[in-house]
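Visitor: any chance you could fold what I've pasted below:
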Amino acid sequence: MAVIGILTFQHYGISWDEYYSRRVGLVNFNYIFKVDKQLLEFHDRDYGAIFEILLIGLEKLLRINDLRELYLMRHLVTHFLFLFSAIYFYRIGLQIFSNYRIAIMSLIIYLFNPVIYGHSFYNSKDIVFMSMLVISLFYLLKAEVSKRNIDLLKFGVAFGLVISIRVIGLIFFPTFLVFLFLKPSLFKELKPTLTGLGLLIFSITATVLISWPYLWENTMSNFSTAIINMSKFVRYKGEVLVLGIQRKSINIGWDYFFIYFFLTTPLAYLILGLGYIFLSVYGFIKNPKLYYFSASGRIKIVLIIYFISPILAVIVFKSVLYDSWRHLFFIYPGFVLLAGYMLELIEKKVRLNYMIITFSLIISYEVFLAVKTFPNHHIYFNQLVSTKPEYIRKNFEQDYWGTSFNQALDYLYDYAKEDTIKVHFKPKNGLFNLSLLPNEKKQKFQCVSTFDSADYFVTNYRYHPDDYIEFKNKSIYSISLRNSKILEIFKIKP
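Guide: Next up is the predicted model:
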């Protein structure tokens, strides 16, 4: 997988948020190393910044000044963190499943989700948070088994980083705490339990404080502010396309996550994960003691809470969501592990050869689709969505982060005969992808703000899913997935 990443990372475009994410890292980096107080007034000062700070540090260490090289480095490092988390995910599988085959199958499902894999290059927010949660989950399970303080300390550091990356990680703290300490043997091991609890709280707190510069001044007040701001994020008040209707992100509706999760996750994965959740909930209701008094049962309860509790929190607090279900990517590892348990059940009922062949065919199909739609495989919809011409474009968000604009610029550079290529982007984030062009190509483009001054118009149809009637018969290039255009170039002037 690392080799594939190295061979392909240069083909992914720049996402809408990357410029702003880097800005968060730069302001925090300057606060630490240049005593620059801009952070205290910075609009996004309450964002967890540890990964972005590390990326800025790499920029400085490698002396990267070219924007193209800078963003490519970010893409590669973010992707490698995702792959690094996959190692821990596999180790979790080896620990909780009955054999290595189920661990490998679960790992494949974790890696080969088209949406997640695409984001693993340019999403330094949600993918990083998800990856760190996987690492912390591994140390949680290891600490529970070993009962050693050193493993509790490792879990505390890992989980502290989770919280400092995104404060919503706190939602898992009560569940993880109960899993570690509230056991049938609690009163028999009260002293070591209290010692371990104290060590855990200390290591989490110390890690959060060290890795989150925003908390270095007015710690409690700033921490409370971060929690309040992130529980109901209102900085984005744009519209989101859902079932053909533009909804306001600040009033997105309880069904938003379910619509996008169910329609952009491979169908086989859904059947496995949801099937086991249903069986587990039924089994728990029927015999709760069986789950509480067995190690495997308690792990299953943790994973179900891991998956369900953030969804419930989003519904209860009416949290702002947009850009599909990316803000909840972090629940995916728990869902996959539950799917792994379903595979374990199937293995006991079906001949192994049949199971391996069926699983291989399913994964091969998903890989085929990913290769066919490369590098846009993150714009994925499963078989539950119609493939009628332009149905997806007119009913759902597609390339909401504008990474396909990178391909448009490559095409225009080869196609246009003008000395200066005047381009109007809609939405405007298309211009961010100019940073990925080599300087000699970049200099040929001029971004203009109106149609009248442009020679070419490039759109990914975000905020405007309908056809551009005024430019009928002026299209020179388009990219379509499942019979719906995700990007189009119009030559406005002859």
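Visitor: where exactly do the strands run in the stretch 151-300 of the chain?
Guide: With DSSP state E, counting those that start in this stretch, the ranges of strands along the stretch 151-300 of the chain come out as 239-242, 245-248.
Visitor: between those strands, which gets nearest to Asp455?
Guide: The closest of the strands of the stretch 151-300 of the chain to Asp455 is strand 239-242. By C-beta to C-beta, the value is 28.8 Å. Where C-beta positions appear, they are placed from N, C-alpha and C, glycine not excepted.
Visitor: per-residue confidence at the spatially closest residue to Tyr391 that is not a sequence neighbour?
Guide: Using C-beta to C-beta, 6 or more residues apart in numbering and skipping the chain neighbours, the partner closest in space to Tyr391 is Ser484 (6.4 Å). Listed pLDDT for Ser484 reads 96.
Visitor: ok so, going back, so which of the strands of the stretch 151-300 of the chain is the most packed in?
Guide: Neighbour counts (mean count of other C-beta atoms under 10 Å) averaged over each of these peak at strand 239-242, with a mean of 19.
Visitor: so which of the strands of the stretch 151-300 of the chain is nearest Ser296?
Guide: That would be strand 239-242 among the strands of the stretch 151-300 of the chain, by C-beta to C-beta, at 38.4 Å.
Visitor: give me the residues contacting that closest one.
Guide: 246-249, 252-253, 256, 259, 321-323, 395-397, 463, 465 (C-beta atoms under 8 Å, 6 or more residues apart in numbering).
Visitor: how many neighbours does Leu67 have?
Guide: 17 (other C-beta atoms under 10 Å).
Visitor: ok, now Lys289?
Guide: Count around Lys289 with other C-beta under 10 Å applied: 9.
Visitor: so it versus Tyr341, what's the distance?
Guide: Using C-beta to C-beta, to the nearest Å, Lys289 is found at 19 Å from Tyr341.
Visitor: and what of Lys318?
Guide: For Lys318, the distance to Tyr341 equals 32 Å [C-beta to C-beta].
Visitor: these two: who's more crowded?
Guide: Shown here are Lys318 and Tyr341; by other C-beta under 10 Å, Tyr341 has more neighbours (25 against 14).
Visitor: am I right that that one sits in a helix?
Guide: Yes. Judged by DSSP: H, G, I helix; E, B strand; the rest coil, Tyr341 forms part of a helix.
Visitor: OK, contacts around the closest residue to it other than its chain neighbours?
Guide: Nearest-residue entry for Tyr341: Tyr276, 4.9 Å, with adjacent residues in sequence omitted and distances by C-beta to C-beta, 6+ apart. If a contact means C-beta under 8 Å, 6+ apart, then Tyr276 has Leu338, Ala339, Tyr341, Met342, Leu345 as its contacts.
Visitor: what subset of those residues is buried?
Guide: For the contacts of Tyr276, a neighbour count by 16 or more other C-beta atoms under 10 Å gives the buried set as Leu338, Ala339, Tyr341, Met342.
Visitor: on that earlier part again, make CSV out of the strands of the stretch 151-300 of the chain and add mean pLDDT and distance to Ile53.
Guide: Output for these, formatted as CSV (pLDDT from 0 to 100; distance: least, C-beta to C-beta, whole Å):
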stretch, mean pLDDT, distance to Ile53
strand 239-242, 92, 30
strand 245-248, 91, 33
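Visitor: those strands into JSON lines, with extra columns for distance to Ile171?
Guide: Formatted as JSON lines, the strands of the stretch 151-300 of the chain follow (distance: least, C-beta to C-beta, whole Å):
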{"stretch": "strand 239-242", "distance to Ile171": "23"}
{"stretch": "strand 245-248", "distance to Ile171": "24"}
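Visitor: for these, which one sits closest to Lys474?
Guide: Counting by C-beta to C-beta, Lys474 lies closest to strand 239-242 out of the strands of the stretch 151-300 of the chain; the figure is 24.1 Å.
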